[in-house]
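Trainee: Take this sequence and fold it.
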Amino acid sequence: MPTSGGPGDDPRPRRGRPAAVWDLDGTLTRADTLLPFLRRVAGTASVVRALAVAATRDLPRHRRRSAAKALVLQQLLGGRPLAEIDPIARDYATRVQDKLRADSTQLWTWHRHHGHRLVIASASPGIYVHHLGRLLGADTVICTEMAVVNGRLTGALKGRNCHGHEKARRVLEYLAEQPASQVWAYANGATDRPLLEIADIAVRVTTYRHVTVRDDR
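Mentor: Residues are numbered from 1 along each chain as shown. Sure thing, here's the model as predicted:
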């Protein structure tokens, strides 16, 4: 689903606190956070088996990554009590906080010092990303959510995987409700190009260089 209409497309002056939108894996952190979390919950052997099952399934080509992720989460988290997983997720978020990129942390602090809204936009599950967001003082967390029924994780995603165009769409939806006079976006991978394209100032974090500057107000 293509995104359309970034914040800078409206020629009228915009109001609202500036917002800095951050990808998580490889941007605020140096590496993936999902597989280490799943290993902590289910053990390495179970994670390897789940990945092997996903690799052998005939999944839709156009959304293979999201389908494989949903299948792995279903196998490893489906049926588990949220009350059992939440303390693990809370502790894991603390460990992630201790291993953030120093350069990203400095910029995160710079935005906070200037009164900007801080937003985490991640494809990783909210079960631990929300905890991390609270630890970092994020104003908003936009991420992949998991369904819970009668206090248990079903293993299914609640809504779509917050990845690629879907992540950009959800950020635009948030900005429509909470307008910002200027929007920064920080991301490290090609899959986050849609997110970078909707920002006024887009920064590819691997080298910390501006890839887009939109300032048509």
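Trainee: Spatially, what comes nearest to Ser66 if we skip its sequence neighbours?
Mentor: Using Cβ to Cβ, 6 or more residues apart in numbering and skipping the chain neighbours, the partner closest in space to Ser66 is Asn161 (4.0 Å). All C-beta spots, glycine's among them, are computed from the backbone N, C-alpha and C.
Trainee: Starting from Asp86, give me the distance back to the one you found.
Mentor: 21 Å (Cβ to Cβ, to the nearest Å).
Trainee: Show residues contacting stretch 140-150.
Mentor: Contact partners of stretch 140-150, identified using Cβ atoms under 8 Å, 6 or more residues apart in numbering, comprise 24, 73, 77, 82, 117-127, 129-130, 133, 153-163, 167, 170-171, 174, 178.
Trainee: Mind checking which of those residues land in helices?
Mentor: Mapping the contacts of stretch 140-150 onto helices (DSSP state H) picks out Leu73, Leu77, Leu82, Gly126, Ile127, Val129, His130, Gly133, Lys167, Arg170, Val171, Tyr174.
Trainee: any chance of the residues you listed in a markdown table, plus distance to Asp91, neighbour count and pLDDT?
Mentor: Shown next, in a markdown table, are the ones in helices among the contacts of stretch 140-150 (distance: Cβ to Cβ, whole Å; neighbours: other Cβ atoms under 10 Å; pLDDT from 0 to 100):
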| residue | distance to Asp91 | neighbour count | pLDDT |
| --- | --- | --- | --- |
| Leu73 | 19 | 24 | 93 |
| Leu77 | 16 | 23 | 95 |
| Leu82 | 15 | 16 | 96 |
| Gly126 | 16 | 19 | 97 |
| Ile127 | 12 | 25 | 97 |
| Val129 | 14 | 29 | 98 |
| His130 | 14 | 18 | 98 |
| Gly133 | 16 | 23 | 98 |
| Lys167 | 26 | 27 | 97 |
| Arg170 | 27 | 17 | 98 |
| Val171 | 29 | 26 | 98 |
| Tyr174 | 28 | 18 | 97 |
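Trainee: Quick check: what element follows the host helix or strand of Ala93 along the chain?
Mentor: Element membership for Ala93, per DSSP states H and E: helix 82-97. Counting by DSSP H and E, the next helix or strand C-terminal to helix 82-97 is helix 102-113.
Trainee: Mean confidence (pLDDT) on that following helix, please.
Mentor: Per-residue pLDDT over helix 102-113 has a mean of 95.
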